[in-house]
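Enquirer: need coordinates for the below:
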Amino acid sequence: MRRVSDIFEHDPSRSIRDVAKELDVSHVTLLACVNEDLRCHSYKLKVGQLLTQKNKNMRPPSSPDLNPMDYFFWGYLERHTNRLAHNTKAALINSIMRQARKLDRALVAKACSSYRARIQHVIDAE
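Expert: Numbering: from 1, shown residues only. Modelled structure (predicted):
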């Protein structure tokens, strides 16, 4: 397992099938080892492959640092709905719906207005 871990740490762009061929094992076996023994999921490896490919412009379709739903909305709802414990799924859903309706439009507009600046930071970092 150490060798497999070293291979993916050294070159995250390698596919599971490619590494399996190199190690002369089934890709299904290697996938199970990666998931169970390394506690790493194949989708994380796929993201590593996408981010390290020669085509630097290719990116996953969504980044939580850029998406207002991820960096603002879900955190806001979680903070406000988890103040009290919910005994049932229905109670939790009702609490989420209530908090979403109470959300201040100016707060949403402010979160969304930072979207362009966040994208510009990514472009500048490239």
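Enquirer: going by C-alpha atoms from here, please, whenever you check contacts or count neighbours.
Expert: Fine.
Enquirer: contacting residues for Met69?
Expert: Counting by C-alpha atoms under 8 Å, 6 or more residues apart in numbering, Met69 touches no other residue.
Enquirer: repeat that for Ala20.
Expert: When contacts are counted by C-alpha under 8 Å, 6+ apart, Ala20 touches 26-27, 30.
Enquirer: so where do the helices sit in the chain?
Expert: 2-10, 16-23, 27-36, 42-52, 68, 74-81, 89-102, 105-125 (DSSP state H).
Enquirer: same list (these) but as TSV, adding mean pLDDT.
Expert: Shown next, in TSV, are the helices of the chain (pLDDT from 0 to 100):
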stretch	mean pLDDT
helix 2-10	69
helix 16-23	80
helix 27-36	69
helix 42-52	49
helix 68	75
helix 74-81	87
helix 89-102	92
helix 105-125	80
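Enquirer: please identify the deepest-packed of those.
Expert: Highest mean neighbour count of those: helix 68, a mean of 19 (counted as mean count of other C-alpha atoms under 10 Å).
Enquirer: now what about it, what contacts it?
Expert: Applying C-alpha under 8 Å, 6+ apart, the set of residues contacting helix 68 is 111-112, 115.
Enquirer: the contacts of Ala20 into JSON lines, with extra columns for distance to Arg98?
Expert: Formatted as JSON lines, those follow (distance: C-alpha to C-alpha, whole Å):
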{"residue": "Ser26", "distance to Arg98": "50"}
{"residue": "His27", "distance to Arg98": "47"}
{"residue": "Leu30", "distance to Arg98": "46"}
